[in-house]
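[1] no sequence for this one, just the structure:
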Ligand code: KIV
């Protein structure tokens with residue numbers, strides 16, 4: 001059996017998951033496929049098709065109906081991270097550090113990251129931030145916590161950024177995105193998510209920064225892509241951001257199934273004889 005192009009027998013008895021060094025070695029090579037997952041059943045469906053499952057704090061908006069990712073707690077991320085690890089075997093699992101769990105100090109970040117890794121079984125954490133967070137990334141990496149960076153549009157900073165508009169429109173902002181990505185890579189991040197930036201900047205960052213750049217609303221030139229699974233499945237909302245491509249319309253399928261079930265219950269066509277115990281057989 002082959003997992004991620006490697007012989008399973010060489011993977012060792014403990015894990016068939018794509019490792020951090022294997023992921024990092026894909027810089028400039030075959031594009032890395034990443035999707036979010038928040039639950040065991042979703043992880044089971046996606047594992048085997050992707051290289052990385054991202055337990056994103058977007059779950060606050062997608063699953064819990066919050067207006068932003070800010071209310072998401074460490075406990076929520078840990079519960080969902082553990083569920084995704086239980087539902088996957090081959091993907092590298094990365095869990096987002098939620099707002100307020102790492103910005104205070106490198107020590108606070110280490111305590112939060114250690115809880116995430118111990119209590120979920122994930123392989124790495126992701127945190128949002130550029131030059132200002134480089135010391136924290138370095139502190140974590142030196143203590144055995146693999147870190148994925150996240151620069152460009154950083155949803156946890158929605159209040160300071162003033163919204164979710166794409167970053168890097170002017171020269172100064174573009175240079176800032178580049179400087180952030182370089183600083184986070186130099187601090188030891190094994191990969192960086194680059195969200196919501198002008199295409200030319202995404203191309204330049206991917207060419208300049210030596211770790212895999214995973215784009216979302218960025219460029220096909222990135223080393224890989226990530227999207228929210230519910231967005232590509234048509235499950236989240238009727239609004240489709242420009243950077244999302246829909247591969248299914250499961251929201252519409254769910255509504256149709258619910259309507260058919262409701263009609264069956266109201267007309268007593270459900271349950272049928274095949275769904276109940278000890279049903280009398282009809283004689284012809
Ligand atoms: O929170 C999230 O889901 C993310 C990914 C989309 C990158 O940060």
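    Structure received. The structure displayed is predicted, hence computed values, not measured ones.
[2] Pop out the phi and psi values for the residue lying closest to residue 199 once chain neighbours are set aside.
    Residue nearest to residue 199 in three dimensions, not counting chain neighbours: residue 219, with 4.8 Å by C-beta to C-beta, 6 or more residues apart in numbering. Heads up, the C-betas are built off the backbone N, CA and C, glycines and all. The phi/psi pair for residue 219 (degrees, to the nearest 10) reads phi -160, psi 150.
[3] I am assuming residue 219 contacts residue 196, so please confirm or correct that.
    No. Using C-beta atoms under 8 Å, residue 219 is not in contact with residue 196; the gap is 11.4 Å.
[4] Looking at these two, which one has more neighbours?
    residue 196 (23 against 19; other C-beta atoms under 10 Å).
[5] what sits against the more buried one?
    152-153, 164-167, 216-218, 243 (C-beta atoms under 8 Å, 6 or more residues apart in numbering).
[6] how far away is it from residue 40?
    Separation of residue 196 from residue 40 (C-beta to C-beta, to the nearest Å) stands at 29 Å.
[7] What's the local residue count around the residue of the stretch 51-200 of the chain found nearest the ligand?
    Among the residues of the stretch 51-200 of the chain, residue 56 lies closest to the ligand, at 1.9 Å counting by C-beta to the nearest ligand atom. Residue neighbour count, defined by other C-beta under 10 Å, stands at 29 for residue 56.
[8] which residue sits closest to it, ignoring its sequence neighbours?
    Nearest to residue 56 is residue 36, by C-beta to C-beta, 6+ apart, at 4.5 Å.
[9] What residues are bridge-paired with that neighbour?
    residue 54 (DSSP bridges).
[10] I figured it was touching residue 61, is that so?
    No. Contact criterion C-beta under 8 Å: residue 36 and residue 61 do not qualify, at 11.2 Å.
[11] between those two, which one's more packed in?
    A side-by-side neighbour count of residue 36 and residue 61, using other C-beta under 10 Å, places residue 36 first with 27 against 20.
[12] Can you get me a residue count around residue 73?
    14.
[13] For stretch 67-74, buried residues please.
    68-70, 72, 74 (16 or more other C-beta atoms under 10 Å).
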